[in-house]
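Asker: Any chance you could fold what I've pasted below:
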Amino acid sequence: MDLKYKKGEITLKVIFRILVKNKFWFLITFLVVFTGGLIFSLLSTYPYSIETSIKLTDNYKYYNDFLLENFPEETENLWLFKESEIEDKEIKILDSIKSEILSDNFLMELKKQLSFDIGLEKLKNSIYSYRVSSRNLAVKIVYKDPKKTLELANELMELLKLNKESELDSVYHLLVGGVNKKIEEISTELQDPETDSGGSDSNNESYNDLTNTKKILLENKEYFINRISLTEEKQIPDVYKYTSKGKNIIFSLIIGVFFGVIVAYSRYFYINKKNK
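Answerer: Reported below is the predicted structural model:
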């Protein structure tokens with residue numbers, strides 16, 4: 001029986017008749033696809049996932065032009081910028097951190113901190129990160145075991161925080177050392193009787209700026225160094241299944257129906273074309 005319908009129009013009645021006429025091919029295709037998906041779903045090991053985040057803290061109230069002009073390199077490395085540059089610079093910092101946590105050196109350090117053995121490539125493939133905002137970087141860990149997933153997340157964040165604190169601490173001490181050196185140089189000039197009064201006034205101003213800067217640095221060391229804020233340490237309830245058997249079974253069912261319909265229609269139109 002040939003099915004008549006207007007050109008370019010397929011009604012539900014036509015669709016139903018085609019499926020009924022080719023029900024054998026539909027069922028065979030559906031069962032093959034669905035059974036394959038079902039077997040894969042039952043035999044697969046499903047990964048777990050946990051998400052945490054890195055946030056840059058704000059210490060810009062201690063930024064000043066004097067620091068930038070006299071210690072440009074240290075100021076840049078200590079993450080102190082002009083207000084107009086803050087957002088762009090923070091994005092670069094987060095992008096740099098994103099690259100760092102996937103670098104071989106960082107992954108090797110992280111591997112040593114873990115209580116279980118995992119290859120570098122598998123470790124790298126378990127870490128996903130994306131920038132949420134100019135000041136916030138989300139990090140997702142996906143692994144096959146919930147406890148190991150949790151350990152990976154916590155150890156990664158702790159290692160990153162320690163590394164950044166160490167880097168900033170080194171820059172901080174370089175900056176303090178540079179300030180002390182300039183203070184000593186100006187003190188020597190001020191004590192030199194041959195220094196003219198104009199130079200002395202300029203030196204006095206610089207000396208005051210330097211001593212004020214040194215005071216701010218010494219009184220607020222932690223504020224300069226602790227630039228990364230982490231979400232509180234994750235616990236097992238924070239770990240969730242990245243996917244599930246139930247979802248994959250439903251997906252297999254949908255795919256089975258889809259391919260069954262495609263095969264049924266393809267056979268029907270092939271036979272019709274052949275008969276013509």
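Asker: got the buried residues for stretch 97-116?
Answerer: By neighbour count with 16 or more other Cβ atoms under 10 Å, stretch 97-116 contains the buried residues 97-98, 101, 106-107, 109-110. (C-beta placed from N, C-alpha, C; glycine too.)
Asker: Show residues contacting the stretch of helix or strand N105 belongs to.
Answerer: If you go by DSSP states H and E, N105 is part of helix 104-113. Helix 104-113 is contacted by residues 100-101, 118, 120, 123-124, 152, 155-156, 158-160, 163 when judged by Cβ atoms under 8 Å, 6 or more residues apart in numbering.
Asker: ranges for the helices of the chain?
Answerer: Using DSSP state H, the helices of the chain run over residues 12-21, 23-43, 65-70, 72-77, 86-100, 104-113, 120-125, 146-191, 197-219, 221-225, 245-275.
Asker: where does the stretch 51-200 of the chain have low pLDDT?
Answerer: Along the stretch 51-200 of the chain, segments meeting pLDDT under 70 span 59-64, 192-200.
Asker: Kindly recompute the last result at 90.
Answerer: For the stretch 51-200 of the chain, applying pLDDT under 90 flags the ranges 51-76, 78-87, 89, 132-135, 141-147, 149-150, 185-200.
Asker: Let me see the contact set for S99.
Answerer: By Cβ under 8 Å, 6+ apart, S99 lies in contact with nothing.
Asker: Could you measure from it over to R131?
Answerer: Per Cβ to Cβ, to the nearest Å, S99 is found 12 Å from R131.
Asker: do K55 as well
Answerer: Using Cβ to Cβ, K55 is found at 11 Å from R131.
Asker: anything in contact with each of these two?
Answerer: Any residue near both K55 and R131 by Cβ under 8 Å, 6+ apart counts here, and that gives L137.
Asker: Could you check how many residues crowd around E167?
Answerer: When neighbours are defined as other Cβ atoms under 10 Å, E167 has 15 of them.
Asker: which residue sits closest to it in space, ignoring its chain neighbours?
Answerer: Excluding the flanking residues, the one nearest E167 by Cβ to Cβ, 6 or more residues apart in numbering is N77, at 8.0 Å.
Asker: thinking the one you found is in contact with D169, fair?
Answerer: No. At 11.4 Å, N77 does not count as touching D169 under the criterion of Cβ atoms under 8 Å.
Asker: Compare the helices of the chain and report which one is nearest to N136.
Answerer: helix 86-100 (7.7 Å; Cβ to Cβ).
Asker: domains for the chain, by residue range?
Answerer: Taking automatic domain parsing as the reference, the chain has its domains at 12-45+243-275, 48-241.
Asker: Now distance to T231 too, for the helices of the chain, in JSON lines please.
Answerer: Converted to JSON lines, the helices of the chain look like this (distance: least, Cβ to Cβ, whole Å):
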{"stretch": "helix 12-21", "distance to T231": "51"}
{"stretch": "helix 23-43", "distance to T231": "33"}
{"stretch": "helix 65-70", "distance to T231": "31"}
{"stretch": "helix 72-77", "distance to T231": "26"}
{"stretch": "helix 86-100", "distance to T231": "15"}
{"stretch": "helix 104-113", "distance to T231": "18"}
{"stretch": "helix 120-125", "distance to T231": "21"}
{"stretch": "helix 146-191", "distance to T231": "8"}
{"stretch": "helix 197-219", "distance to T231": "28"}
{"stretch": "helix 221-225", "distance to T231": "20"}
{"stretch": "helix 245-275", "distance to T231": "27"}
